[in-house]
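Engineer: Pasted the sequence and its predicted model underneath.
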Amino acid sequence: MKLQQLKYLCEVAQRGLNLSEAAQSLHTSQPGISKQIRLLEEELGVQILVRHGKRVVDVTEPGKVILTIAGRMLKDAENLKQVAREYSDEDAGALIIATTHTQARYALPPVVSRFTQRYPRVRLSLRQGSPQHIGDLVRSGEADIAIATEASELYDGLVLLPCFQWNHCVITPLRHPLLKERQLTLEAIARYPIVTYDFAFTGESPIRRAFDNKGIKPNVVLTAIDADVIKAYVEMGLGVGILAKMAFDPARDLGLRIIDASRLFEPSMTRIGIRPNAYLRGYVYDFIEMFAPHLKRAVVDATLKGEGSSYEL
């Protein structure tokens, strides 16, 4: 059994059983992939893939179990390489962070600045995307950690570490009627078109929960994953915005007004997501602690081992 065979098998599964796409991704030939997988089946004495002529149409039941183990073995093999790299050069390497626009734009800059000064030879990359995409990047090993806020069900299979809580606010254009309300209410917000995040009215978000609990169906006219896009359309007069309070900058957002909405929506928790079997290099622990000072290495290790799974702020 060779790791290359396991890699071929997992890539075929990830490409929807399309051998030609898997071959293109791995820069090899389709017959070569087919041959290696058949050799693996012969060695294990069990059929992994269901074939119809030259096409792969399904995965057998034992094949599904084998795929799970193969994926774990490949990640462990990568962890071995990480260990070797750490001991050969502790202050050089790469750190890929999957996160949302709001975290990348408003929460991470001071941390990134400190980290790059301390580790100038570490190549830091931010991969921005939707909550689902962020979780997928870390689960697949394409990113080292996730930093996000949305409901934990989007990050199944990851260990989640709580970082800090934050609140939402409502933003309006200058001289908007909502600014004259003596006390902001959900009913008052719902009288106007709403511009907010893509995920605000899906899943178990605090925004959706607040309106649902009141039996209010707001008129959401535009959603986006980018807080700056939300602010731009609110300033144009498309509606009132609901966004993270950290995303409002009084010095820059001169064409907008902010109304505190912490009384109306439950606070949200920003978390770091990590694969349970991930090997973290020393500088990754340092980055995590810079972002959330209470998440020291011992706490992270205990949580990854399942000893601190109930840890919460």
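Structural biologist: Looks like it arrived, so ask away.
Engineer: Please make it C-alpha for all contacts and neighbour counts, starting now.
Structural biologist: OK.
Engineer: How is the chain partitioned into domains?
Structural biologist: The chain breaks down into these domains under automatic domain parsing: 3-85, 90-161+270-304, 168-266.
Engineer: what's the nearest residue to the residue nearest to the spatial centre of the chain if we skip its chain neighbours?
Structural biologist: For the chain, the residue nearest the mean C-alpha position is Ile134 (2.5 Å; CA atoms, centre = their mean). Distances taken as CA to CA, 6 or more residues apart in numbering put Ala98 closest to Ile134, at 5.3 Å, once the chain neighbours are dropped.
Engineer: what's the helix or strand hosting that neighbour packed up against?
Structural biologist: Using DSSP states H and E, Ala98 falls within strand 93-99. Contacts defined by 3 or more CA pairs under 8 Å, 6 or more residues apart in numbering; DSSP states H and E place strand 93-99 against strand 122-128, helix 131-139, strand 145-148.
Engineer: still on that earlier bit, you'd agree the residue nearest to the centre of the chain is up against Gly141?
Structural biologist: No - counting by CA atoms under 8 Å, Ile134 stays clear of Gly141, with 11.0 Å between them.
Engineer: and stretch 45-60, how far out from the chain's middle?
Structural biologist: 33 Å (CA atoms, centre = their mean, to the nearest Å).
Engineer: Kindly report the same for stretch 70-81.
Structural biologist: 21 Å.
Engineer: Name the surrounding residues that touch it.
Structural biologist: With contacts defined as CA atoms under 8 Å, 6 or more residues apart in numbering, stretch 70-81 is touched by 3, 6-7, 10, 141, 277-279.
Engineer: switch to 10 Å and redo it
Structural biologist: If you take CA atoms under 10 Å, 6 or more residues apart in numbering as the criterion, stretch 70-81 is touched by 3-7, 9-11, 64, 66-67, 69, 82, 84-86, 140-141, 275, 277-281.
Engineer: now do stretch 35-47
Structural biologist: Residues contacting stretch 35-47 (CA under 10 Å, 6+ apart): 1-2, 4-9, 12, 31, 33-34, 48-49, 59-63, 66.
Engineer: how about it: buried residues?
Structural biologist: 36-38, 40-41, 47 (16 or more other CA atoms under 10 Å).
Engineer: Which strand residues bridge the closest residue to Glu235 other than its chain neighbours?
Structural biologist: Excluding the flanking residues, the one nearest Glu235 by CA to CA, 6+ apart is Pro173, at 5.1 Å. Listed beta-bridge partners, Pro173: Leu256 (assigned using DSSP bridges).
Engineer: Check whether Pro173 really touches Arg257, as I assumed.
Structural biologist: Yes - contact criterion CA atoms under 10 Å: Pro173 and Arg257 qualify, at 6.1 Å.
Engineer: Report pLDDT for the residue lying farthest from the centre of the chain.
Structural biologist: Within the chain, the residue lying farthest from the chain centre (CA atoms, centre = their mean) is Gly53, at 39.2 Å. pLDDT recorded at Gly53 is 80.
Engineer: Same question for Val300.
Structural biologist: 94.
Engineer: Ok, Glu312 next?
Structural biologist: Listed pLDDT for Glu312 reads 51.
Engineer: Output the lowest mean pLDDT helix or strand found in this protein.
Structural biologist: When the helices and strands of the chain are scored by mean pLDDT, DSSP states H and E, helix 61-88 comes last with a mean of 79.
Engineer: What are the buried residues along that helix?
Structural biologist: For helix 61-88, burial by neighbour count (16+ other CA under 10 Å) applies to 63, 66-67, 70-71, 74-75, 79, 82, 86.
Engineer: hey, least reliable of the domains of the chain by pLDDT?
Structural biologist: Of all the domains of the chain, domain 3-85 carries the lowest average pLDDT, namely a mean of 86.
Engineer: what ranges do the helices span in the protein?
Structural biologist: 3-14, 19-26, 30-44, 61-88, 101-102, 109-118, 131-139, 186-189, 206-214, 227-235, 282-291, 297-304 (DSSP state H).
Engineer: what does the fifth one rub up against?
Structural biologist: In other words, helix 101-102. 107-108, 126-130, 148-149, 225-228, 243-244, 246-247.
Engineer: Any of those buried? List them.
Structural biologist: 108, 126-130, 148-149, 225-228, 243-244, 246-247.
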